[in-house]
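[1] show me the folded form of this:
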Amino acid sequence: MTDVLRLASRWRSAFAIVALVVLTLPNAIAGPIETHSGLVEGIEDNGSLVFKGIPFAAPPVGPLRWRGPGPPAAWTGVRKADRFSPICMQKGAYPEDSPPEPMSEDCLYLNIWAPAGARDVRLPVMVWIYGGGLLNGSASTPLYAGDVLARRGVIVVTFNYRLGALGFLAHPELTRESPQKVSGNYGLLDQVAAMQWVKRNIAAFGGDPDNITVFGQSSGSISISALGASPLAKGLYRRAIGQSGGLFEPLDAAPEFKLDGAEQVGSALGRRLGAASLEALRALPAAKFVEKHYPAQPNIDGYVLTQTPYAIYADRRQHDADLLVGSNGAEGLYFLGGRNITAANLLIELKRDFPPFIVSLVGPEPTSDDQQARAGFIALEGDMRFGWNMWAWARLHASARKGRTYLYHFAPARPGEEGASHGAEMPYVFGHPGPKSGTWTKADHRLAETMAAYWTNFAKTGNPNGDGLPVWPEANASGNPALLIGDDVRAGELPNESNLKKIDRLYATARFVLNYWPVIAGVVGLAVLFLGWQLARIVLRRRRART
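    The predicted structure is shown next:
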């Protein structure tokens with residue numbers, strides 16, 4: 001009996017050694033996996049399978065600069081997917097504390113995090129679109145690593161898309177050479193191409209191509225609001241999460257959001273760079289296009305975007321999808337930029353960022369208290385740039401009944417911080433404290449667990465609720481209730497709703513004037529003519545009376 005036990009013990013030891021070797025061999029646990037372009041082999045990292053730097057489109061270089069993304073070239077053999085690709089050309093970084101990364105114009109690659117053993121299942125897929133004002137950002141910054149979310153039973157995908165002038169330059173010559181007679185919006189086309197790749201290939205990694213959630217922050221969230229209105233993105237995702245970013249302002253008032261206006265902006269950039277033709281622009285080094293500030297933004301071109309997102313959503317023509325959106329309590333902190341806001345300069349500083357009539361109509365009340373002035377600045381900056389957009393997005397989607405709608409307000413009070421600034425929620429969503437997050441307390445770790453649970457529950461079922469979580473009710477057509485995420489988590493009314501309603505009335509008036517300007521001008525013209533005729537009659541009567 002002793003010999004039997006000793007033999008069994010040896011077999012167990014041998015088995016343990018073999019199992020350890022197998023589990024530590026990347027080839028055994030992370031591939032090869034067959035995609036439509038070829039085989040890829042990833043690595044095991046921090047408890048999940050990771051595939052880095054998979055091409056989802058052809059490199060947009062040389063004659064392919066400022067063209068829609070083409071398919072990636074096929075390869076033979078097994079491609080090592082064990083390192084991130086260079087990030088797209090940019091100046092600076094977002095988040096600002098992100099570590100520096102190599103840059104290249106050849107940057108259209110994606111990354112995948114999957115739970116160990118995910119190949120034979122069908123897991124929900126979460127596709128991340130990074131923010132950065134369409135000027136900065138990276139799919140490989142450590143903050144966005146998907147390992148923590150993947151351990152909750154989802155697959156996470158991040159991808160790069162073209163930024164700045166390389167991603168959004170419109171130009172008359174580009175429009176003429178395009179089969180669709182459009183230009184600009186290349187960054188959005190990259191996003192569509194990445195999501196098409198995911199739809200086509202993710203089943204090989206254990207993902208469910210019919211259960212894709214696209215989520216993003218800042219300009220990543222703005223992109224999602226635009227994709228929800230784009231005919232090109234129809235059917236590419238089932239759910240959407242937008243964090244602090246939407247494109248619902250009255251864009252009709254800004255000519256640069258229309259194709260011809262965007263073309264004028266692009267032509268002006270060419271003149272500044274001394275490139276009088278498209279050929280000359282394509283001959284310039286890619287670095288030239290990050291030296292000059294370019295107002296990167298989508299344009300209403302009739303192809304990627306047929307109308308403004310507000311018009312599409314208001315007419316209930318957005319894509320069917322469950323929606324979860326929200327913003328942070330002190331977004332405006334991000335825009336202080338070192339400015340010392342006082343009661344004396346409050347309105348002056350706000351008018352540097354917004355037209356004076358907007359500040360007069362929806363700005364904070366004058367005050368003699370510097371602290372109140374600073375709070376008023378932060379509130380208006382946050383509500384104008386993000387708060388109203390997310391509230392409007394939720395209201396429009398809930399009204400259309402295109403899917404379930406959930407709204408949140410993120411405002412935990414962390415020690416030593418003035419409030420939840422722009423981007424403050426991201427470390428909690430991904431479970432990765434950034435360099436500026438400080439030392440996390442037990443409360444921070446609990447909050448991160450809570451938010452990751454809500455986000456992944458939503459990706460799985462379209463409902464963020466689950467066991468042990470405070471109930472998150474659906475938002476209605478008035479934009480309430482919301483989940484208030486603070487020192488505690490509970491449902492309630494938005495604390496800044498009165499400010500959002502003032503902005504909403506302003507924008508409603510602007511849209512009315514823009515939509516009915518010809519009628520208004522005609523009525524005013526007739527009124528002037530009528531008054532002139534009446535005045536002339538009065539003058540004639542007086543003259544006759546004198547004679």
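
[2] can we go C-alpha only for contacts and neighbour counts from here?
    Noted.

[3] measure stretch 488-500 end to end?
    Using CA to CA, to the nearest Å, the gap from the first to the last residue of stretch 488-500 comes to 23 Å.

[4] list the buried residues in it.
    Applying a neighbour-count criterion of 16 or more other CA atoms under 10 Å, one finds 489-491, 494, 497, 499-500 buried in stretch 488-500.

[5] that one - what's its average pLDDT?
    In this model, stretch 488-500 has a mean pLDDT of 96.

[6] do stretch 56-66 as well
    Stretch 56-66 comes out at a mean pLDDT of 97.

[7] what residues does that stretch touch?
    67, 69-73, 105-110, 166-167, 169, 174, 183-184, 186, 190, 193-194, 197, 282-283 (CA atoms under 8 Å, 6 or more residues apart in numbering).

[8] show me just the buried residues among these.
    67, 69, 72, 105-110, 166-167, 169, 174, 183-184, 186, 190, 193-194, 197, 282.

[9] can you tell me which residues contact the residue nearest to the spatial centre of the chain?
    The chain has G220 as the residue nearest its centroid, 1.6 Å off, counting by CA atoms, centre = their mean. Each residue near G220 by CA under 8 Å, 6+ apart is listed here: 129-132, 134, 242, 245.

[10] got those residues as a markdown table, with neighbour count and secondary structure columns?
    A markdown table is the format used below for these (neighbours: other CA atoms under 10 Å; DSSP: H, G, I helix; E, B strand; the rest coil):
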| residue | neighbour count | secondary structure |
| --- | --- | --- |
| I129 | 27 | strand |
| Y130 | 28 | coil |
| G131 | 25 | coil |
| G132 | 18 | coil |
| L134 | 26 | coil |
| G242 | 28 | strand |
| G245 | 29 | coil |
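
[11] farthest-apart pair in these, please.
    Using CA to CA, the contacts of G220 reach their maximum pairwise distance at L134 and G242, which is 15.4 Å.

[12] for burial, what's the neighbour tally of R176?
    Neighbours of R176 under the rule other CA atoms under 10 Å: 12.

[13] what of the one 5 residues further on?
    Here the count is done by other CA under 10 Å, and K181 has 14 residues near it.

[14] so it, which of the three states?
    Under DSSP: H, G, I helix; E, B strand; the rest coil, the three-state class of K181 is coil.

[15] which one is it nearest to, not counting chain neighbours?
    Excluding its sequence neighbours, the residue lying closest to K181 (CA to CA, 6 or more residues apart in numbering) is T175, at 4.7 Å.

[16] can you pull the contacts of that neighbour?
    When contacts are counted by CA under 8 Å, 6+ apart, T175 touches 181-183.

[17] for the residue nearest to the centre of the chain, give me phi and psi.
    Backbone torsions of G220, given as degrees, to the nearest 10, read phi -70, psi -40.

[18] same thing with the one 5 residues further on?
    When read as degrees, to the nearest 10, the backbone of S225 gives phi -60, psi -30.

[19] for L149, see how far away the residue nearest to it when sequence neighbours are not counted is.
    Closest residue in space to S225, ignoring its immediate chain neighbours: G246 at 5.6 Å, by CA to CA, 6+ apart. Going from G246 to L149 by CA to CA gives 24 Å.

[20] same thing with V265?
    From V265 over to L149 the distance is 41 Å, taken as CA to CA.

[21] out of these two, which sits in the busier spot?
    L149 (24 against 18).

[22] who are the neighbours in contact with that one?
    By CA under 8 Å, 6+ apart, the contact list for L149 reads 155-156, 430-431, 452, 456.

[23] next, it: phi, psi?
    Torsion angles, degrees, to the nearest 10, at L149: phi -70, psi -40.

[24] about what we covered before: among the buried residues of stretch 488-500, which lie within strands?
    489-491 (DSSP state E).

[25] now tabulate those in CSV and tack on distance to G47.
    Converted to CSV, those look like this (distance: CA to CA, whole Å):
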residue, distance to G47
V489, 29
R490, 32
A491, 34
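
[26] quickly name whichever of those residues is closest to R404.
    A491 (16.2 Å).

[27] show me what the closest one is bridged to.
    Taking DSSP bridges, one obtains L483 as the residues bridged to A491.

[28] without its sequence neighbours, what residue ends up closest to D444?
    Closest residue to D444 apart from its sequence neighbours, by CA to CA, 6+ apart: Y428 at 7.8 Å.

[29] three-state assignment of the one you found?
    helix.

[30] repeat for the one 4 residues further on
    Put simply, H432 is coil when judged by three-state DSSP.

[31] all the strands of the chain, residue numbers only.
    Going by DSSP E, the chain shows strands at 33-34, 39-41, 43-45, 48-55, 78-80, 109-115, 123-129, 155-159, 207-217, 239-243, 322-328, 405-410, 482-485, 489-492.

[32] can you mark which positions in the third one are buried?
    If I follow you right, that is strand 43-45. For strand 43-45, using 16+ other CA under 10 Å, the buried residues are 43-44.

[33] now stretch 234-244
    Judged by neighbour count using 16+ other CA under 10 Å, the buried positions of stretch 234-244 are 236-244.

[34] before we move on, the earlier item: got the phi and psi for the residue nearest to S225?
    Per degrees, to the nearest 10, the backbone of G246 is at phi -150, psi 170.

[35] give the contact list for it.
    Counted by CA under 8 Å, 6+ apart, G246 has contacts 218-219, 221-226, 386, 389-390, 393.

[36] one more time with 7 Å, if that's ok
    Going by CA atoms under 7 Å, 6 or more residues apart in numbering, G246 touches 221-222, 225, 386, 389-390.

[37] low-confidence regions, the stretch 401-547 of the chain specifically.
    Counting by pLDDT under 70, the stretch 401-547 of the chain contains low-confidence ranges at 436-437, 516-547.
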